[in-house]
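In: Turn this into a model:
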Amino acid sequence: MVAAKAKVKSKKFATEPLNGSFLFANGDRYVGQYRNSDKSAILRHGQGLQTSASNVVYQGDWENDVMCGQGRMDFPSGDSYVGEFKENQFHDQGTYYWANGSFFTGSFQKNRLLGNGTFTTTNGQSWVGEFNCNEVLGLKLLL
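Out: Numbers count the residues shown, from 1 in each chain. This next block holds a predicted model:
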């Protein structure tokens, strides 16, 4: 079904999410739960899997067409993020994995490392500290 041309037969909001598969005009694909809006559009709502035209894959919670709650995002580079989302962005607790094998576990805000966390290098060394985007305060090696 092409989402832009989807017609809704009922004007009522469905209280329970429906299940479906959609191809959007921009090339994105979505398979999962949704509901119909009062304006005859679909809203991703519940659990779903979205693959963007650029092959970014998100699997997780949706609320009123917004990534919100627990999810996983995989990038074509091999990087991935697993954790909380808010308003389509990494937010609160999560883990970002780089394709080279290093990873960060800790706090995120608006897709940025922000707050306490642990960075683990490709050779297994773990560093703990307070992260603020590209800055690190009081970084300590965990033994």
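In: leaving aside the residues next to it on the chain, what's closest to residue 108?
Out: The spatial neighbour of residue 108 that comes closest, neighbours along the chain excluded (CB to CB, 6 or more residues apart in numbering), is residue 90 at 4.1 Å. For the C-beta atoms, the positions are set from N, CA and C on the backbone; glycine is no exception.
In: The one you found and residue 80, how far apart?
Out: 11 Å (CB to CB, to the nearest Å).
In: quick revisit: what pLDDT does the residue nearest to residue 108 get?
Out: Residue 90 is assigned a pLDDT of 98 by the prediction.
In: care to break the protein down by domain?
Out: Structural domains assigned to the chain are 1-76, 89-143, following automatic domain parsing.
In: thinking again about what came up before, higher neighbour count, residue 90 and residue 80?
Out: Set residue 90 next to residue 80 and count neighbours by other CB atoms under 10 Å: residue 90 wins out with 25 against 16.
In: Return the set of residues that bridge with that one.
Out: Per DSSP bridges, the residues bridged to residue 90 are residue 85.
In: That one against residue 83, yeah?
Out: Yes. Between residue 90 and residue 83 there is a contact under CB atoms under 8 Å: 6.6 Å.
In: What is the lowest-mean-pLDDT helix or strand in the chain packed up against?
Out: The weakest-scoring helix or strand in the chain, judged by mean pLDDT, DSSP states H and E, is strand 135-142 (a mean of 76). Here strand 135-142 touches strand 126-132, going by 3 or more CB pairs under 8 Å, 6 or more residues apart in numbering; DSSP states H and E.
In: Can you give the contact residues for the strand it packs on?
Out: 104, 106-107, 113-121, 136-142 (CB atoms under 8 Å, 6 or more residues apart in numbering).
In: out of those, which are buried?
Out: For the contacts of strand 126-132, a burial check counting by 16 or more other CB atoms under 10 Å picks out 104, 106-107, 113-114, 117-120.
In: Taking those residues, tell me the two that lie furthest apart.
Out: Between any two of those, the greatest separation by CB to CB is 18.1 Å, found for 114 and 120.
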